[in-house]
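*Asks:* sequence and predicted structure are below.
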Amino acid sequence: MKVQRILFALTLVVCASSSIAADAVSFDDLAKHAQFKQVKISPDGAYLAATSVLKDGQTVLTIVDLATRKIRNLAPRGNNDVLDFWWASPKRVLYTEAEHDGGWDSPLSTGELLGVNADGGSQATLSDYGENAEFLSRIKGDMNHVLVSIADSDKSGSAGALTEVRKMDVRDGREVKVGIAPMREASYLVDHTGNVRFAWSDDLDGKRLIYTRAVGGGNKDWQLLQQASADRDVPIAFNADDSAAWFTCPGKPSGFGICRFDPATQAMTQVWSNPDVEADGLMQGSADDSVMGVGFTDGRPAISVFDPNSPDAKALVSLMQQYPGEDAGFVSGTDDGSKAVALVEADADPGTFFLYDKASGKFSPLLQRASWINPETLARKQPISLSARDGLKLQGYVTFPPGKENAKNLPMVVFVHGGPFGVRDEWDYDPYVQAMATHGYAVLQVNYRGSSGYGYDFEKAGYREWGGKMQDDVTDATRWAIQQGIADPHRICIYGGSYGGYAALEGAVKEPDLYKCAIGYVGVYDLNLMYNSGSDATQSIYGKKFLERTLGTDTTVLAQHSPIDQLNNLKAKVMLIVGGRDTRVPEVQGKNLHMALLQRHVEHEWLYKPDEWHGFYDESNIAELFAKVDAFLDANIGSGTAEHSSASQ
């Protein structure tokens, strides 16, 4: 669905594309970063703040006075980007900056916390570079202080971060320590009046530890929640009066749930459950910190509201009715709920922010994340489910080329997500998927065992299954698509980034007759090299232990499941994409496989960018990647190959 363009003068912030082409979206347009990433309204509703991208690509903090429509762009220092921001009070914003350095497909946080007034004045650096400050919460009734967590790099080292909670003055950054967890790598939940109430983390063996303490308790008063820890629950938020906290919890009689935790009795009361998927989180109402229900993704995003007759629920339903088939929710609100920001988005829509006025009940369009994208030209994702060979239920998506939703025997790309743990494929706008689907390819995605969203047992089922059952799940999904008549069995390519790059090449050598081509994007190809390649995954004891637990340490087994050691089985055409500054999967992984193929005189495509990271970030490089992947697919499973079925004609 095509939504309205920007409502008022915010068009002055950046220059959008002047027109939308009637044909397929271009690779250049798909490669562009979102124009507006986040939008949040001030506690009193007087201002809007947004992260927006200028012509030169820098992400700035934009503040809009809603009364005067005056716009201020607050640029970060040097070439940095504004990464995230929070309203600390009705007229002061805190934000973090990110620099273009490191190993990821987006800038990395400097760890500093900065502040600025809504009028652009009193700009100040509130925390030092090495403190790794994270905003936790405002404090009710105190406009001059917030709570932050600090992970001092000097105290972290290889043993893992020792984090503590501090009360920070938002004017000058002065801090007072108010809590420290009884373990490293801790996360915290604080109540609305500034009390540190919960701390949790996983220990070196992966065991969940959740601690609580009463209001006024000190650092020696932490109490371990035995059952919550055993159930691997997580505290999410406090209710409005701090009398209860929301937790994830096991579903009854099975599955996954959300519970209300009574701090006085430590009793858990279930308020939502689903037999198949975990909650994505609590759904915010129109007021800041209010909760109207639970969001979850069982194929498509869905909402379970606690009170369907509440004003917020009725307002959201009215918005959904205006944009059928899209996902909608409040993302920011004033303290009293009189105004709020909502986001409408879909698999074929990058999203539009709306301003909600409770008095009138109206939603007014504010900003489109990517106004140059016409949703009517994009492909749609269809949720699927299937059973793996051992009976495990798997979910995923098939994206069909526009206009070919009922076509059979299509050329297909199996697109494997990275991670592999704590990550999943979702029903969302994905430029990588669109770059393939809008150019004639069905795209298959599967949440193999190890993916997030289906519980700890599902994730743990992927441990030490690199090249084993995780790979079999991808194979089973591919064969399912053939059985359903979706894919031409002679025109299938496998593609992925990071772990997905590993799965692409491992699939090619493990199932040499299934895939005609394989594309490895910043992938791992030598599992033994994971431990000594300089990857940041092994630079702390927590990272190393997690890798040992999930990958394994048997060098013989790791070699047997490493694509670089199985090239005798390779039949598929290969394309390798590598970033020279990648610190998560260092370039040596891709370069070694590149050299091994050259030594075997195996022709392959090689796309190397010395200044790119763990996933390309520069828009021109992403556009080039899309174009070269498209040409590679066309040559091997598309119209450019000598052997393609009549379905491609």
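*Replies:* Noted; the coordinates are in hand.

*Asks:* where does T550 land in three-state SS?
*Replies:* With DSSP: H, G, I helix; E, B strand; the rest coil as the basis, T550 sits in helix.

*Asks:* report the contact partners of it.
*Replies:* By Cβ atoms under 8 Å, 6 or more residues apart in numbering, the residues touching T550 are 421, 462-464. Heads up, the C-betas are built off the backbone N, CA and C, glycines and all.

*Asks:* dump those to a markdown table, plus secondary structure, distance to D191 and pLDDT.
*Replies:* Listed next are the contacts of T550 as a markdown table, based on DSSP: H, G, I helix; E, B strand; the rest coil; distance: Cβ to Cβ, whole Å; pLDDT from 0 to 100:
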| residue | secondary structure | distance to D191 | pLDDT |
| --- | --- | --- | --- |
| F421 | coil | 31 | 95 |
| G462 | coil | 36 | 97 |
| Y463 | coil | 36 | 97 |
| R464 | coil | 40 | 97 |
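
*Asks:* same for the helix of greatest length in the chain, what does it pack against?
*Replies:* The longest helix of the chain (DSSP state H) is helix 619-636. Judged by 3 or more Cβ pairs under 8 Å, 6 or more residues apart in numbering; DSSP states H and E, the packing partners of helix 619-636 are helix 27-31, helix 431-437, strand 487-497, strand 517-521, strand 573-579, strand 604-609.

*Asks:* what average pLDDT does the helix or strand just after the fifth one get?
*Replies:* Scanning forward in sequence from strand 573-579 by DSSP states H and E, the next helix or strand is helix 588-599. The predicted model assigns helix 588-599 a mean pLDDT of 96.

*Asks:* please apply the same query to stretch 640-649.
*Replies:* Mean predicted lDDT for stretch 640-649 stands at 52.

*Asks:* and the residue nearest the centre of this protein?
*Replies:* V423 (7.7 Å; Cα atoms, centre = their mean).

*Asks:* that one contacts V416, correct?
*Replies:* No: using Cβ atoms under 8 Å, V423 is not in contact with V416, being 10.7 Å away.

*Asks:* helices of the stretch 201-350 of the chain, start to end?
*Replies:* 226-230, 311-322 (DSSP state H, counting those that start in this stretch).

*Asks:* helix, strand or coil for P182?
*Replies:* Under three-state DSSP, P182 falls in the coil class.

*Asks:* please read off the pLDDT at it from the model.
*Replies:* So P182 comes in at 91 (pLDDT).

*Asks:* these two touch, right, it and W222?
*Replies:* Yes: between P182 and W222 there is a contact under Cβ under 8 Å: 5.0 Å.

*Asks:* who has more neighbours, the two?
*Replies:* When P182 and W222 are compared for neighbours, W222 comes out ahead with 18 against 15, by other Cβ atoms under 10 Å.

*Asks:* excluding sequence neighbours, find me the nearest residue to the more buried one.
*Replies:* Distances taken as Cβ to Cβ, 6 or more residues apart in numbering place Y211 nearest to W222, at 4.2 Å, with adjacent residues excluded.

*Asks:* and that neighbour, what does it touch?
*Replies:* By Cβ under 8 Å, 6+ apart, the neighbours of Y211 are 181-183, 198-200, 222-225.

*Asks:* hang on, the earlier thing: joint contacts of P182 and W222?
*Replies:* Here P182 and W222 have 199, 211 as joint contacts, going by Cβ under 8 Å, 6+ apart.

*Asks:* just the angle between the longest helix of the chain and strand 487-497, please?
*Replies:* 150 degrees (axes from the mean of the first three to the mean of the last three Cα atoms, to 10 degrees).

*Asks:* so how far is helix 619-636 from its chain's centroid?
*Replies:* How far helix 619-636 lies from its chain's middle: 23 Å, per Cα atoms, centre = their mean, to the nearest Å.

*Asks:* what's the answer for stretch 255-269, then?
*Replies:* That offset, for stretch 255-269, works out to 27 Å (Cα atoms, centre = their mean).

*Asks:* ok, now which ones touch G579?
*Replies:* Contact analysis of G579 by Cβ under 8 Å, 6+ apart lists 522, 587, 609, 611-616.

*Asks:* just the buried residues of the residues you listed.
*Replies:* 522, 587, 609, 612-616 (16 or more other Cβ atoms under 10 Å).

*Asks:* can you tell me the distance between the two ends of stretch 479-499?
*Replies:* 21 Å (Cα to Cα, to the nearest Å).

*Asks:* could you do stretch 99-117 as well?
*Replies:* 23 Å.

*Asks:* elements contacting the strand or helix carrying T96?
*Replies:* Using DSSP H and E, the element containing T96 is strand 92-99. With contacts taken as 3+ Cβ pairs under 8 Å, 6+ apart, strand 92-99 sits against strand 59-65, strand 81-89, strand 108-109, strand 114-117, strand 133-139.

*Asks:* mean confidence for the third one?
*Replies:* Looking at strand 108-109 alone, the average pLDDT works out to 72.

*Asks:* kindly report the same for the longest one.
*Replies:* When the per-residue pLDDT values of strand 81-89 are averaged, the result is 94.

*Asks:* nothing else from me, thank you.
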